[in-house]
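> Got a sequence here, can you build the structure:
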Amino acid sequence: MPEFDLIQDDTGIYRTKSPSRKFWIIAMIIGIAAFIIGILIGKYAACDTSSPPAEVPVRPEKDGVFLPGVSDAIIKEADLSIRDLLLKNIDHKNIETYLKALTEKPHIAGSPEDEDTLVNYIKEFWENVGFDDVQTATYDILLSYPDKDNPNMIELLNENNEVIYQTPIEEDILTPGKNNTEGIPPFNAYSPKGIVTGQLVYVNYGRVEDYIHLESVGVNVSGCLAIARYGKIFRGSKVDIAQRHGVIGLILYSDPKDYTIPGEGVYPDTWWLPGSGAQRGTIFTGEGDPLTPGYPAIDTAYRYQEDKTIPPLPRIPAHPIGYTVAEQLLLNLTGATVTDDWKGGINITYKYGPGFINNNWKVRMNISTQNARRNTTNVIGFIKGAVEPDRYVIFGNHRDAWVYGAIDPSSATAVMMETSRVMGALVKSGKWRPRRTILFCSWGAEEYGMIGSTEWVEEYTKNIKERTVAYINIDISVEGTNTLRSKTTPLLYNVMYETVKLVENPNATEIAAGRKTVYDTWLLNRPWKINGEIYGKPEMQSMGSASDFAPILQKAGVTSVDFRYTYDKNLPVVGYPLYHSQYETFYAMKNLIDVDFKYHQAVARIGAELARNLADSLIIPLNASDYAWDLENLRVSLDAEYGSYLRGNISNYDDLEMVIKKFGEEAADFEIRLSNVNKNDPLLTRVVNDQLMLLEKAFLDPAGLPLRPLKKHIIMADSSNDVYAGSSFPGLIDLLFEIDKAVDPNTRWEDVKQHFSIILFTIQSAASTLRDVTLFHS
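Below you'll find the predicted structure:
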């Protein structure tokens, strides 16, 4: 903590054996004089000693504020030398060491390796680096695992119901130094157990538009098993869409067209996915513990039965396989040849089905995956703020992995550990303490649906919502070495840009080309194209629900950012190739991706400086005008896609443009007041800081989105048909989806009109929070 100017009482008491009356009188006079002097010292000790006490003002002056006894730390700007120390002391070798330790063993959520080994490892690490406190928050949740004694399998049956092909249980052992499979075999979490048999149909990526296409070419999928390739949308959305179309079981596979480059080889020689590689992952479309929706999974919680959860658990079985296995199923499909955009990279003729060349052949899915109650633990480390301890900047990453998790999530866990080490060392040495409190969070069970972070937000919503300045999330730190990628809420656009400009480019070739910072390469490789126009800054992606920022943004309204180093977006892939397979190893990261961990170091520097700036700046570096700019871009995009449709059904549709324009005017006025605020008045700085901090929260609707009441953010949420993807005005888009096919389109349109009015109100309400706090009426 900083030292404040305090005057200690140095008075001593002396006693004699037989004091005289004269002595007592003198002592009394001295005592009274000392008392009066003590009062005067206490009153004026904190003022500037260069001025005589008589000249100290007794009330605020016109150009400043005087608060007797208050340290100047309250009105002090951040010490930028700390920024230099942070950037300098982030060590790439330490990050490599941490990652190797984190990925020694598989650590699926709820396992001893996760709940005991890694929880204790991170907790002890933070206790040793100088944190003020380290706490844990444990929740009793529903997880899902395959039955090792009765493994999941898919079988091809002939006309006599004899098994002519059976999928392997495990992926091939390919990693150098590994001679056995230590992790859990491929599975889809929360798949119901059961046996289903039927004809097989190929559904491309399993999106809504793919089923529309199948209907247009006369393929009926109802009552069939379907096989879909991974990519484009969230796997849980694929299952949800499939069951809505009458599919009775879904097989998911990673097609080589989406996860390899012909002629470049595969793992362990390159990072491209080998044929046995299968992508594990949850298929639950909700967030948090399925049994306690909306409330924390603590001892006193009410728990729904598994068949009554909100949203519901999947109703059809699903299972992931590799592309060499998928070839055995796709090879003999019958039906018409698919269109070119449906063709994958397996050397076969892709056909729709349903069924096989031999009409009596069928596919049988035997799924034994079972749900189980387990504990998951969040580890929370605290660096307490010196001036505003009740204001939080949160830095988070999840800890659990489907297998080794060297990319997802442990590359980011290692980065968070190194960031926390450097910050903790500065605090421990007495060189620095942030103005605001910084929380470092190691989340549990993210892979199952952001469970650890969601339960924590649900338990501590009142604290988080009212006190948190911003959330920094790093789910993955390095999935490639081409450029930075950032998902960000508008308030953080500017501070993110300015932070990245400070970080040295980890790519020597880029530096030689004159691009010395991470920002320079980001701008070159990811220019922002908005409504067809190139904007002169790097791209900021919208935030869906793909990581732990989702509950923090969508439930608590905390402005958030998630960033990483990524691969070239021009590569014909749908994600980094080894995603959620057992080949996502330390070997892959060290030998195939980031050899010297310089890209990890760059990400750590961005996170460290972003956290420092948000926690240390006198005025919080959030930008309200960027929110106005973003709202207008979202409106233009909405108008381009649905404008004529909405104008024909909503009489006041054009009011959206008007309220966004008004929001922009309020934001501009606020920025003017902010630039002129008296920074010597800590109360005024607190007022404007609170207005900035609370703006994101003004876009929350307590009732939630129309079809998804647990999602509260009116402007930013995931798409109901793809949990991974962000959607602007998500409630409106949900209601407009296939509205003409609704059972009662007129009623649906009334719902659209009502929600549109809520959007208008919410934007106007948010604008009011930017006005002078004593004049917030319009």
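
> Pull the number of nearby residues for V119.
Per other Cβ atoms under 10 Å, the neighbour tally for V119 reads 23. In short, each C-beta sits where N, CA and C put it, glycine included.

> Could you do the one 4 residues further on as well?
With neighbours defined by other Cβ under 10 Å, the count for K123 comes to 19.

> Ramachandran coordinates for it?
phi -60, psi -50 (degrees, to the nearest 10).

> wait, it sits on V134?
Yes - contact criterion Cβ atoms under 8 Å: K123 and V134 qualify, at 5.4 Å.

> intersection of neighbour lists for those two?
Both K123 and V134 are in contact with V379, where contact means Cβ atoms under 8 Å, 6 or more residues apart in numbering.

> where in the protein is pLDDT low?
Within the chain, the segments meeting pLDDT under 70 span 1-70, 179-181, 722-726.

> can you pull the contacts of the residue nearest the centre of it?
In the chain, the C-alpha nearest the mean C-alpha coordinate belongs to F549, at 2.9 Å (Cα atoms, centre = their mean). Contacts of F549 were listed using Cβ under 8 Å, 6+ apart, and they are Y471, N473, K487, M543, S560, V561, D562.

> Between which two of the residues you listed is the distance greatest?
Y471 and K487 (11.8 Å; Cβ to Cβ).

> Of those two, which one has the most company?
In this view Y471 and K487 are compared by other Cβ under 10 Å, and Y471 has more residues nearby, 29 against 21.

> Is that one inside a helix or a strand, and which specific one?
Here Y471 sits within strand 468-473, counting by DSSP states H and E.

> and that strand, how far from the chain's centre?
Remark: strand 468-473 is offset 10 Å from the chain centroid, using Cα atoms, centre = their mean, to the nearest Å.

> who does it pair up with?
With DSSP bridges as the test, strand 468-473 is paired with strand 388-398 (parallel), strand 560-566 (parallel).

> what packs against the next helix or strand after that strand?
For strand 468-473, the following helix or strand on the C-terminal side (DSSP H and E) is strand 483-488. If you count contacts as 3 or more Cβ pairs under 8 Å, 6 or more residues apart in numbering; DSSP states H and E, strand 483-488 packs onto helix 493-500, helix 518-525, strand 560-566.

> Go through the ones you listed and name the closest to I227.
Using Cβ to Cβ, these put strand 560-566 closest to I227, at 28.6 Å.

> Could you give the number of residues near P192?
For P192, using other Cβ under 10 Å, the count is 20.

> what's the neighbour count on P293?
17.

> And the strands in the stretch 151-300 of the chain?
Remark: strands assigned in the stretch 151-300 of the chain by DSSP state E, counting those that start in this stretch are 153-157, 163-166, 188-189, 194-198, 200-202, 225-229, 249-253, 281-282.

> closest to I650 out of those strands?
I650 lies closest to strand 225-229 among those, at 36.0 Å (Cβ to Cβ).

> Quick one: list the elements packing against the closest one.
If contacts are counted by 3+ Cβ pairs under 8 Å, 6+ apart, strand 225-229 sits against strand 194-198, strand 200-202, helix 235-244, strand 249-253, helix 323-330.

> With distance to I759 as extra columns, can I get the ones you listed in JSON lines?
Formatted as JSON lines, these follow (distance: least, Cβ to Cβ, whole Å):
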{"stretch": "strand 194-198", "distance to I759": "42"}
{"stretch": "strand 200-202", "distance to I759": "39"}
{"stretch": "helix 235-244", "distance to I759": "24"}
{"stretch": "strand 249-253", "distance to I759": "35"}
{"stretch": "helix 323-330", "distance to I759": "43"}
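
> Export those as a markdown table, with columns for distance to P317 and mean neighbour count.
A markdown table is the format used below for the helices and strands packed on strand 225-229 (distance: least, Cβ to Cβ, whole Å; neighbours: other Cβ atoms under 10 Å):
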| stretch | distance to P317 | mean neighbour count |
| --- | --- | --- |
| strand 194-198 | 6 | 15 |
| strand 200-202 | 14 | 25 |
| helix 235-244 | 9 | 23 |
| strand 249-253 | 5 | 27 |
| helix 323-330 | 15 | 21 |
